[in-house]
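*Asks:* following is a predicted model, sequence given first.
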Amino acid sequence: MERTDVTQYRVAVLAGGWSDERDVSMSSGRACEEALRQAGFASVELLDVASEDFVTNLAGGCFDVAFVAMHGRYGEDGCIQGLLEVLHLPYTFSNVLASAVGTEKEVAKVLYREAGIPVPAGVDLAPGKPLSDEEADELVERLGLPLFVKPAANGSSFGVTRVSDRGALDEALRLAGSAGDRVLVESCVSGTEITVPVLGNDAPVALPVVEISFNSEFYDLKVKYEPSELHHIIPARLAPEVYARAQELAVRAHKALGCRGASRSDFIVCEDGTPVILETNTIPGMTSTSLLPDSARRAGIEFPELCRRLVELALEGREARR
């Protein structure tokens, strides 16, 4: 079957918005805009979702496809996907349901368990409800120390705290719930941190596994946005059977959540070689040195070609839904 030349299509790159990850999203959007031009697309326009005239420009722009370069609330949680569905405009990455489920970490964990993917022990708590001393003690006894406290529906490590002593738990819960999200408290899984990008719709394939090396307590915001060559080791230094298992589980997570286009699942590989999943990013970072593009480059897919493929997968997904 002859490959369609998608560079003839008019592309709207959607970025920005109102989440904690606005600046990161704008960086992704600008990088994708430039990459699409390098890939041969003649008509590419970057739209800031937070602009007052965004909806008017999107609906009236005669666009053929939207390239979603948004992260966090309103972009990665199904909101912008819902608007694009109403406009009948095909778009990159996952649909409304997969985006919403992937964002809600505790809901995603239910699907991971059903798919046979190991997950950390954890508890889902309502926001804004302080724990009594007895409840906090029971939580620490159940999950142990250290533990992680995080918003159940945020990304990029915003609001995440590594709690090493009981006295820091209350402030960590307050921080994680400050945006009104439910709060996820998880046991700390020790081991090698890796991430596994997956590319595809109905027949997804795993890209090279990236090992993430850092000296801080966890992969926090500061580390995430330092130069990639300081922290990305590709391929990850894992035994061959563990490497293959991580790729298998990432594909399984992609399918379990119903992802399309691309996803990126983060794992901790325990000392016994078991990959334990932390979360799946339904819209991974998309600067030229982000984890997904870095992995794709190792697989022989340069950044402009990766962006082109994501447009192709978006259009393929539209045809499948028809």
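*Replies:* Ah, there it is.

*Asks:* where do the helices sit along this protein?
*Replies:* Counting by DSSP state H, the chain has these helices, from start to end: 22-38, 54-60, 79-86, 96-103, 105-114, 133-143, 169-176, 221-224, 240-257, 291-298, 303-321.

*Asks:* domain ranges for the protein?
*Replies:* Using automatic domain parsing, the domain parsing of the chain gives 6-92, 100-118+189-319, 122-187.

*Asks:* can you count the residues close to the nearest residue in space to residue 70 that is not next to it in sequence?
*Replies:* Excluding its sequence neighbours, the residue lying closest to residue 70 (Cβ to Cβ, 6 or more residues apart in numbering) is residue 25, at 5.0 Å. Every residue, glycine included, has its C-beta placed from N, CA and C. Using other Cβ atoms under 10 Å, residue 25 has 30 neighbouring residues.

*Asks:* quick one: closest of the helices of the chain to residue 189.
*Replies:* Evaluated with Cβ to Cβ, those place helix 133-143 nearest to residue 189, the distance being 10.9 Å.

*Asks:* just to revisit the earlier point, ok, the residue nearest to residue 70 - contacts?
*Replies:* The contact partners of residue 25, taken as Cβ atoms under 8 Å, 6 or more residues apart in numbering, are 15-17, 19, 69-72, 75.

*Asks:* switch the cut-off to 6 Å
*Replies:* Residue 25 makes contacts with 15-16, 70-71, as judged by Cβ atoms under 6 Å, 6 or more residues apart in numbering.

*Asks:* and it, how far from residue 75?
*Replies:* Residue 25 is 6 Å from residue 75, where distance means Cβ to Cβ, to the nearest Å.

*Asks:* again, but for residue 252
*Replies:* Separation of residue 252 from residue 75 (Cβ to Cβ): 25 Å.

*Asks:* before we move on, what about residue 195?
*Replies:* Applying Cβ to Cβ, the value for residue 195 to residue 75 is 20 Å.

*Asks:* pick out whichever of those two has more residues nearby.
*Replies:* Each of residue 195 and residue 75 has its neighbours counted (other Cβ under 10 Å); residue 75 has more, 29 against 26.

*Asks:* the closest residue to the more buried one other than its chain neighbours: neighbour count?
*Replies:* The shortest distance from residue 75 to any non-neighbouring residue, by Cβ to Cβ, 6+ apart, is to residue 17 (5.2 Å). Residues contacting residue 17 under the criterion other Cβ under 10 Å number 22.

*Asks:* tell me the contacts of residue 17?
*Replies:* Contact analysis of residue 17 by Cβ under 6 Å, 6+ apart lists 49-50, 70, 74-75.

*Asks:* please redo it, this time with the cut-off set to 7 Å
*Replies:* Residues in contact with residue 17, defined by Cβ atoms under 7 Å, 6 or more residues apart in numbering, are 25, 49-50, 70, 74-75.

*Asks:* reformat those residues as CSV; add pLDDT and distance to residue 129.
*Replies:* Output for these, formatted as CSV (pLDDT from 0 to 100; distance: Cβ to Cβ, whole Å):
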residue, pLDDT, distance to residue 129
25, 94, 31
49, 96, 32
50, 95, 31
70, 95, 30
74, 90, 25
75, 91, 28
